[in-house]
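A.B. asks: Model the structure of this input:
(2 chains)
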Amino acid sequence: MSVFLLKRLSTFAATLIAASIVIFLVLEILPGNAAEIILGPEAHQDQIDALSHKLGLDRPAPERYVSWVGGLLSGDFGESYAYQTPASDVVIEALEVTVPLSVIAVIINIVLGLSAGVYAAARHNKLGDVGVMALSQLGIAIPSFWLGILLILVFAVWLGWLPAGGFPGWDDDIGDALEALILPAIALAVFQAAILARTTRSAVLEVSREDFVRTARAKGLTRRAALWRHVLRNAMIPIITIVGLQFANLFVLTIVVEPVFSLPGLGMLILHSIANRDVVVVQDVVMLLVGLVLVVNLAVDLVYAVIDPRLQARRA
Amino acid sequence: MTAAIAPGAIRRAFRHPSFAIGAGLTALLVLVALVSLIWTPYSPYEIDMAAKLAEPSGGHWFGQDQLGRDILSLAMAGAQNSIMVGVIAVGVGLTLGMILGAIATAEGGWVEELVMRFSDLTFAFPAILSAIMFTAVFGPGIVVSIIAIGIFNIPIFARVTQASAKAIWAREYTTAARAAGKSRARITIDHVLPNILSALTVQGTIQFANAILWEASLSYLGFGTQPPHPSWGRMLNDAQAHMFDAPWLAIYPGVAIMLAVLGLNLLGDGLRDLLDPRLVRSR
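C.D. replies: Numbers count the residues shown, from 1 in each chain, chains lettered A, B, ... in the order given. Modelled structure (predicted):
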């Protein structure tokens, strides 16, 4: 176990460092430095130089890289040019929308995907199974931003049950805030739930064919009891893996869904920051998302190793 | 491929529901794109402010947008855009990924390790995120989004190639070929690549669907195809401003994206079942 752990952790660290270098370098080749962009085309060279110096842009690139990463590790995200506030404030404000949104979406995804998958497996090759599989193909093909638009059309424009967009904040009425997140969460969750349903179905079917399930049935367990006690427990390994990876995906996909609903989350923040050429914030948010993807991958691998002892032996 | 098609194989293929529906929808997509090259009901660039946001009618089946352009014509021309993005992005990803994966497996050792770690690194950047980073640097545009999607495809194809090629290298006939004095490159070209083509075809079809989805998302966000060039994602962006006064605008481009992606995904699933009988899953 420890050899596997050590190997996996060092790969994680190396990938994280490499990713941070890539992010830094890609945004480094932006035409014109940030000071020129902030001051506009009419600015005098003296002014640009002064601001560059103030922002630390005249230091060599390696030095700036080290101070950026060091800052990230100590919670100092740098200064947002566009908002004239610490970037960490801007990012935290956005996370207050994106984190609850993703959590709600994950819950919808698990409830919908797991139940549909188990149902389809239980009705294997019958009408219910075919129906769920057909629906899941549609769910995978529907673009999440279009689903968002359709949900607004139906629930906001025609029925008037839910707000069409915007976010009232958490300070006033929590109910209003949650209401604003329901449609975006559904738009995010449907694609993932369709994939989860397919994974769950095939995992359950695969485990159902194992000898120990036949033994359990031979012992006199009903189908239902065997499903709950033996099949589902063993089918959980691939299911947990997928759910873990989906959480990272959901987070990234908020970039596409938040603009549909004008939600001031991480996705909108990165879009605005690109429009404003707010390089520091873009760097921070991209690093945050890439870091999240890597951490989730690491966590999934570790959970896998703990659950499945066969894997440990093979990898160590 | 030069392999002869077994008699009855085509008839059998079309009895496979996923393949039949997928092939049908994909053929429709290609057909619409080809027809739109020579004919659309109106020019997708023709502006008619007098008829802006006109409802669907006999003259304009799908209605007209905020500039009075014909929606049907725009949607037809949008198919060209999606196909172009898919072909180039998958072409780039498949070619480079296959080369990397094939070299990795043929050489083994540190070369393989390096290629696989490179894949891991690229995987940490989801397609949308890398596209957004490129946009921040190079400005929005169709070329930028194609490159971003293509780059994201490289590690996917490198992994598929590596995994399938490894299995081929473990076979007796590659060992025999080595014993006969064939070089690694020769064996890769003569034995490995022909045997992994079906796996790459299946993955290519699915990545094509993903590329269409990603391009539509990027164009919706304003990063992909730029106006006035017609694209489905862009049309949905325009439609959102008129959800209350012209809700039908938001329907057709979305249906077009969904059918294209659905068709390619089903085609990929069908091909997987038909090309690799060992992988036939329970259905």
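A.B. asks: For residue A:188, which non-adjacent residue is spatially closest?
C.D. replies: residue A:105 (4.1 Å; Cβ to Cβ, 6 or more residues apart in numbering or on different chains). In this view, the C-beta of every residue, glycine as well, is placed from N, C-alpha and C.
A.B. asks: Who are the contact partners of residue B:80?
C.D. replies: Neighbouring residues of residue B:80 by Cβ atoms under 8 Å, 6 or more residues apart in numbering or on different chains: B:33, B:36-37.
A.B. asks: State whether it is indeed within a helix.
C.D. replies: Yes - assessed with DSSP: H, G, I helix; E, B strand; the rest coil, residue B:80 lies in a helix.
A.B. asks: picking that back up, enumerate every residue touching the residue nearest to residue A:188.
C.D. replies: Contacts of residue A:105 by Cβ under 8 Å, 6+ apart are A:184-186, A:188-189, A:192, A:250.
A.B. asks: One more pass at 6 Å, please.
C.D. replies: Residues counted as contacts of residue A:105 (Cβ atoms under 6 Å, 6 or more residues apart in numbering or on different chains) are A:185, A:188-189, A:250.
A.B. asks: Which single one of those residues is nearest to chain B?
C.D. replies: Distance to chain B, by Cβ to the nearest Cβ, is smallest for residue A:250 among the contacts of residue A:105, at 11.0 Å.
A.B. asks: Verify the contact between the closest one and residue A:102 for me.
C.D. replies: Yes - counting by Cβ atoms under 6 Å, residue A:102 is a contact partner of residue A:250 at 4.9 Å.
A.B. asks: okay, those two: which has more neighbours?
C.D. replies: Taking other Cβ atoms under 10 Å in any protein chain shown, residue A:250 and residue A:102 do not tie; residue A:102 has more neighbours (27 against 24).
A.B. asks: did I read that right, the more buried one in a helix?
C.D. replies: Yes - Residue A:102: assigned to a helix according to three-state DSSP.
A.B. asks: Residue numbers of the stretch 101-250 of chain A in contact with chain B?
C.D. replies: A:141-143, A:145-146, A:149, A:153, A:157, A:205 (Cβ under 6 Å from any Cβ of the partner chain).
A.B. asks: can you map out the strands along chain A?
C.D. replies: A:79-80, A:85-86 (DSSP state E).
A.B. asks: Reformat the ones you listed as a markdown table; add mean neighbour count.
C.D. replies: Converted to a markdown table, these look like this (neighbours: other Cβ atoms under 10 Å in any protein chain shown):
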| stretch | mean neighbour count |
| --- | --- |
| strand A:79-80 | 20 |
| strand A:85-86 | 14 |
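A.B. asks: before we move on, the earlier item: let's see the PyMOL selection covering just the buried ones among the residues of the stretch 101-250 of chain A next to chain B.
C.D. replies: Buried residues among these (16 or more other Cβ atoms under 10 Å in any protein chain shown), as a PyMOL selection:
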select buried, chain A and resi 141+142+143+145+146+149+153+205
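A.B. asks: Narrow the residues of the stretch 101-250 of chain A next to chain B to those in helices?
C.D. replies: If you go by DSSP state H, those have A:141, A:145-146, A:149, A:205 in helices.
A.B. asks: Considering the residues you listed, which is situated nearest to residue B:54?
C.D. replies: residue A:149 (20.4 Å; Cβ to Cβ).
A.B. asks: From residue B:16, how far off is residue A:218?
C.D. replies: As judged by Cβ to Cβ, to the nearest Å, residue A:218 and residue B:16 stand 35 Å apart.
A.B. asks: Comparing the two, which residue is more hemmed in?
C.D. replies: Neighbour count, other Cβ under 10 Å: between residue A:218 and residue B:16, residue B:16 has more, with 18 against 8.
A.B. asks: Next up, the contacts around the nearest residue to that one once chain neighbours are set aside.
C.D. replies: Of all residues not flanking residue B:16 in the chain, residue B:270 sits nearest, at 5.2 Å (Cβ to Cβ, 6+ apart). Residues in contact with residue B:270 (Cβ under 6 Å, 6+ apart) are B:16, B:18-19, B:22.
A.B. asks: So which of those residues is surrounded by the most neighbours?
C.D. replies: Of those, with other Cβ under 10 Å as the count, residue B:22 tops at 24 neighbours.
A.B. asks: related to what we said a few turns ago, quick one: buried ones out of the contacts of residue B:80?
C.D. replies: Buried among these (16+ other Cβ under 10 Å): B:33, B:36.
A.B. asks: just the contacts of residue B:80 now: which is nearest chain A?
C.D. replies: residue B:33 (18.0 Å).
A.B. asks: how about the helices in the chain?
C.D. replies: All of this is about chain A. Applying DSSP H to chain A gives helices spanning A:2-28, A:34-39, A:45-55, A:61-73, A:87-122, A:127-141, A:144-151, A:174-208, A:211-218, A:223-226, A:232-257, A:266-275, A:279-307, A:309-315.
A.B. asks: To clarify, I was referring to chain B.
C.D. replies: B:9-15, B:17-38, B:71-107, B:109-123, B:127-138, B:142-169, B:172-179, B:184-187, B:193-221, B:232-240, B:252-275.
A.B. asks: ok, and for the fourth one, which residues are buried?
C.D. replies: The neighbour-count check on helix B:109-123 (16+ other Cβ under 10 Å) flags B:112, B:115-116, B:118-123 as buried.
A.B. asks: for that helix, packing partners?
C.D. replies: For helix B:109-123, the packing partners by 3 or more Cβ pairs under 6 Å, 6 or more residues apart in numbering or on different chains; DSSP states H and E come out as helix A:2-28, helix B:71-107, helix B:142-169.
A.B. asks: Let me have the helices of chain B in a markdown table, adding mean pLDDT and distance to residue A:209 as columns.
C.D. replies: A markdown table is the format used below for the helices of chain B (pLDDT from 0 to 100; distance: least, Cβ to Cβ, whole Å):
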| stretch | mean pLDDT | distance to residue A:209 |
| --- | --- | --- |
| helix B:9-15 | 78 | 26 |
| helix B:17-38 | 88 | 22 |
| helix B:71-107 | 90 | 32 |
| helix B:109-123 | 86 | 32 |
| helix B:127-138 | 80 | 36 |
| helix B:142-169 | 88 | 23 |
| helix B:172-179 | 87 | 30 |
| helix B:184-187 | 88 | 37 |
| helix B:193-221 | 90 | 24 |
| helix B:232-240 | 87 | 42 |
| helix B:252-275 | 90 | 19 |
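A.B. asks: I'd like to know which of the ones you listed is closest to residue A:283.
C.D. replies: Comparing the helices of chain B by Cβ to Cβ, helix B:127-138 comes nearest, at 9.3 Å.
A.B. asks: Distance from that closest one to the middle of the chain?
C.D. replies: 19 Å (Cα atoms, centre = their mean, to the nearest Å).
A.B. asks: now the angle between helix B:193-221 and it, please.
C.D. replies: 60 degrees (axes from the mean of the first three to the mean of the last three Cα atoms, to 10 degrees).
A.B. asks: who in chain B is up against chain A?
C.D. replies: So far as Cβ under 6 Å from any Cβ goes, chain B lies against chain A at B:120-121, B:124, B:126, B:128-129, B:133, B:136-137, B:213, B:216-217, B:220, B:240, B:243, B:247, B:250, B:254, B:257-258, B:261-262, B:282.
A.B. asks: Buried ones among the residues you listed?
C.D. replies: B:120-121, B:124, B:126, B:128-129, B:133, B:136-137, B:213, B:216-217, B:220, B:240, B:243, B:247, B:250, B:254, B:257-258, B:261-262.
A.B. asks: for the contacts of residue B:270, which one is nearest chain A?
C.D. replies: residue B:18 (8.4 Å).
A.B. asks: And the closest residue to the closest one other than its chain neighbours, how far from residue A:200?
C.D. replies: Among residues not flanking residue B:18 along the chain, residue B:270 sits closest, at 4.0 Å (Cβ to Cβ, 6+ apart). For residue B:270, the distance to residue A:200 (Cβ to Cβ) stands at 22 Å.
A.B. asks: Ok, residue B:34 next?
C.D. replies: Per Cβ to Cβ, residue B:34 is found 40 Å from residue A:200.
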